[in-house]
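Q: Just need the structure, nothing else, for what follows:
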Amino acid sequence: MRTGGRLCDPGSMADAVSFPGRVLFLCEDPDKLQRQLAGEDLSLEQALPLRDQISTDEITPGWVCYFFDARLGDFPYLGLKCGDRFPLIEGSVKRGNFAVSVAGTRRGKGSSREASPYAEWCAGIRLVIAESFERIYQQNCQNLGLLTSTDFGLIERIRSGEAIPLAEFTVNLDPITRAIVEKGGLFAFNRARLAGELQVPLPRHGKRPMTLVEKILARNTVIDAVAGRLGVDSVRPGDGIFVQAHWRFSHEYVTPMAESFLKEAVGEQVRMKDPERILAFRDHLNFLDRVMTDERRSQGLLEVAQRLKHSQESFCQRHGIRLHGEQPDGSAEGICHVLMAERYARPGQVIIGTDSHTPHSGALGCLAFGVGTTEIANAFITGDVRVTVPPTLRVRLHRRLRSGISAKDLALHLLCLPFVREGGAIGHVVEYTGEALEFLNIDERATLTNMAAEIGGFTGIVAPDAQTVRFLWERRHADVPLEDWMQSDPDAEFAHTLEVDCDEIPAMVARPGDPGNGLALRDLQVPVRIDLAYAGSCTGGKREDLERVYEVVRWALDHGCTVPLHVQFFIQFGSEDVRRHALQMGWISALEEAGARILGPGCGACINAGPGVSTRADQVTVSAVNRNFPGRSGPGQVWLASPATVAASAFAGRLCSFEELNFM
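A: This next block holds a predicted model:
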């Protein structure tokens, strides 16, 4: 019997697995958690209620991800908020000798960072149990050899010393995923696959009506990895396949860890498959030195973070990979998924990236989805990626958004629907359809597909149309004709359909703590004073977003409005392409006249690594980013809003829509 395998362990797992060690319940009550850390073992009944919707930001806060080796084992759950406290400290899990970690619903939501399950592994955790899992987190666990289960009955069996049959961890998995778990991780599986030691079963359904994503997957299914043969007649939800990726990319948080995994699993002489189809981005930590606290600096974390930059540069140089790096002013050339949409993505392609917001490019009718470190490392050398064909949620958008209401308002509305809040969209493709799309350009559609990650979806997609053709010509002078197959069949099967009347959606915000805490801004019972207003990031720094901000700023300046002294107003471009466009349009002079601080491209404020973050717990931020998990953008409270609402709030000094600002 084995106590659990990992990505680099040779051979396969045995038929049964034992878990010597304790069980850690991640409770809502911080006192119960601290009792466990002090040595007390609780029963499941005593531990209830468990924390639901634990994000990867809570498992490994952004600064923890500066590490990319076994040191991560000192840090799991440091960002876990229970009640009003953060009960875990450095080394807590290791010292407690825990082998099993238990939580509630939607475990691992948010960022795709594989540092989270890897930190759990390095701390001694060999099994994670939850009522439900987010797709990327669970897939990362499987790839690493960290077992997962939704069976709470295992807890007492493990405590009694019983060895659990491995088959109990592979029930209901597709054949590929089952084999990955049995092999102890993705590297071991792929070694066997590429050596011809195992065959990947192919779907054999014959012709059937398919959704757009199913068509893309079927066309790119790998039949023979060595010969490069692709394509099957059809796929259906639940099929396990490998698909060719047209583009594979990673950012500086992930590239160094991927390299370390490759060295450990394959060796120093590892070779990339089609390196010209691999991209790297330095976009997350460009501005870190401007906001890192003295405490973090004294811990040497700035130097640790700078290792990521140098490691990424060295890796790209050795393997001939294009790196979109720093600009002379220290900013990024662009946020990875923003640049993918502006410069690379084409309808019908498969794009994988180490960011949960990779679905951004789904706005162009391609299948774009986030993957973890192990998957991108494997994809670097194989050119393909495994997929369990997901079901599709159709969101029909009726009529059109009212003037002043944007795709961000629509996304926040969707996130607070009970179906989504209760996890109904987890692991689904979110396909947007309906007449409202005619009035949403690609930048706006990208906000919708991007935030499929917050919905819990596998990806988001919009079938290509005239807007797609126009975008590709305007941004790249690329003449890309639409092909007849690039749409869902009329009789394709959808798991569920949401009907949305867009003309009824008001200006929205999301209360601090979770993007799903949405409400209509008009329904706020008391005014919410703000200290910071941040318009930027991938959902707030595109051309369309900046134009909405400019419209508010121009109106405010023309009507003698000024930003109150207590408000810091930040505007950050999503890419250099957006900055150049803003200059050409003459927007920047008005933004500067309003007193806004203009920042070059980067992800910084979104991940507590750049200007625009709070520095005190009593500060309130209104932000155009896509996530507001505890601590993600500083210690203060973060309200999510559209770029126009962010700008209007900056002038009002409190949460305020542009429509309301007009009547002040």
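
Q: Mind listing what's buried along the longest helix seen in the chain?
A: Ranked by residue count and defined by DSSP state H, the top helix of the chain is helix 301-319. Within helix 301-319, the residues that count as buried by 16 or more other Cβ atoms under 10 Å are 301, 305, 308, 309, 311, 312, 313, 315, 316, 319. C-beta coordinates here come from the backbone N, C-alpha and C atoms, glycine included.

Q: Quick check, the fifth one in contact with residue 259.
A: Right, the one you point to is residue 311. Yes: with contact defined as Cβ atoms under 8 Å, residue 311 counts as touching residue 259 (6.7 Å).

Q: can you give me the helices for the stretch 151-300 of the chain?
A: 154-159, 175-183, 186-194, 212-220, 255-265, 288-291, 294-298 (DSSP state H, counting those that start in this stretch).

Q: mind checking which of those is nearest residue 282?
A: With Cβ to Cβ, the closest approach to residue 282 among the helices of the stretch 151-300 of the chain belongs to helix 255-265: 8.9 Å.

Q: Now do that closest one against helix 301-319, angle only.
A: 60 degrees (axes from the mean of the first three to the mean of the last three Cα atoms, to 10 degrees).

Q: gap between helix 255-265 and the chain center?
A: Distance, stretch centre to chain centre, for helix 255-265: 21 Å (Cα atoms, centre = their mean, to the nearest Å).

Q: same deal with stretch 133-152?
A: Distance of stretch 133-152 from its chain centroid, counting by Cα atoms, centre = their mean, is 16 Å.

Q: Could you do stretch 108-120 as well?
A: That offset, for stretch 108-120, works out to 10 Å (Cα atoms, centre = their mean).

Q: Format the CA atom coordinates belonging to that stretch as CSV.
A: Provided in CSV are the C-alpha atoms of stretch 108-120 (Å, rounded to 0.1, in the frame of the first residue of the first chain):
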residue,chain,number,x,y,z
GLY,A,108,-10.7,25.9,-4.7
LYS,A,109,-12.7,28.6,-6.5
GLY,A,110,-10.9,31.6,-8.1
SER,A,111,-7.4,31.6,-9.5
SER,A,112,-6.0,28.6,-11.3
ARG,A,113,-2.8,28.7,-9.2
GLU,A,114,-1.4,25.2,-8.7
ALA,A,115,0.6,26.6,-5.9
SER,A,116,-2.5,26.0,-3.8
PRO,A,117,-2.7,22.2,-4.0
TYR,A,118,1.1,22.0,-4.2
ALA,A,119,1.4,23.9,-0.9
GLU,A,120,-1.1,21.5,0.6
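
Q: For the remainder of this discussion, apply numbering that starts at 652.
A: Right, with 652 as the first residue, what we last looked at is stretch 759-771.

Q: ok, residues contacting the helix or strand hosting residue 1229?
A: Per DSSP states H and E: residue 1229 is located in helix 1227-1236. With contact meaning Cβ atoms under 8 Å, 6 or more residues apart in numbering, helix 1227-1236 is reached by 978, 984-985, 989-990, 993-994, 1126, 1192-1194, 1197-1198, 1201, 1224, 1239, 1251-1252.

Q: again, 6 Å this time
A: 984, 985, 993, 1194, 1197, 1224, 1239 (Cβ atoms under 6 Å, 6 or more residues apart in numbering).

Q: Same question for stretch 1156-1169.
A: 1056, 1060-1061, 1063-1064, 1066-1067, 1072, 1105, 1171-1173, 1278-1279, 1288-1292, 1296, 1308.

Q: Quick check: PyMOL command selecting the buried ones in those residues.
A: Only the buried entries of the contacts of stretch 1156-1169 go into this PyMOL selection, using 16+ other Cβ under 10 Å:
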select buried, resi 1056+1060+1061+1063+1064+1066+1067+1072+1105+1171+1172+1278+1279+1288+1289+1290+1291+1292+1296+1308
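
Q: How many residues are close by the closest residue to residue 1059 other than its chain neighbours?
A: Leaving aside its sequence neighbours, residue 1059 sits nearest to residue 1293 (Cβ to Cβ, 6 or more residues apart in numbering; 3.8 Å). A count of nearby residues for residue 1293, using other Cβ atoms under 10 Å, gives 32.

Q: Name all residues that make contact with residue 1293.
A: Taking Cβ under 6 Å, 6+ apart, we find residue 1293 in contact with 1057, 1059, 1060.

Q: try 8 Å this time
A: Counting by Cβ under 8 Å, 6+ apart, residue 1293 has contacts 1056, 1057, 1059, 1060, 1063, 1158, 1159, 1199, 1275.

Q: pLDDT at it, what is it?
A: Note for residue 1293: predicted pLDDT of 98.

Q: For residue 679, give its distance to residue 1232.
A: Separation of residue 679 from residue 1232 (Cβ to Cβ, to the nearest Å): 47 Å.

Q: Let me know whether residue 1184 touches residue 1295 as I believe.
A: No: judged on Cβ under 8 Å, residue 1184 makes no contact with residue 1295 at a distance of 11.4 Å.

Q: Just to be sure, which of the contacts of stretch 1156-1169 are found in strands?
A: The strands, defined by DSSP state E, take in 1171, 1288, 1289, 1290, 1291, 1292 from these.

Q: Look up the closest residue to the third one, ignoring the ones flanking it.
A: Sequence neighbours aside, residue 1279 is the residue nearest to residue 1289 in space, at 3.9 Å (criterion: Cβ to Cβ, 6+ apart).

Q: who are the neighbours in contact with that neighbour?
A: 1161, 1163, 1164, 1165, 1166, 1168, 1289, 1290, 1291.

Q: Quick check: it vs residue 1188, distance?
A: 12 Å.
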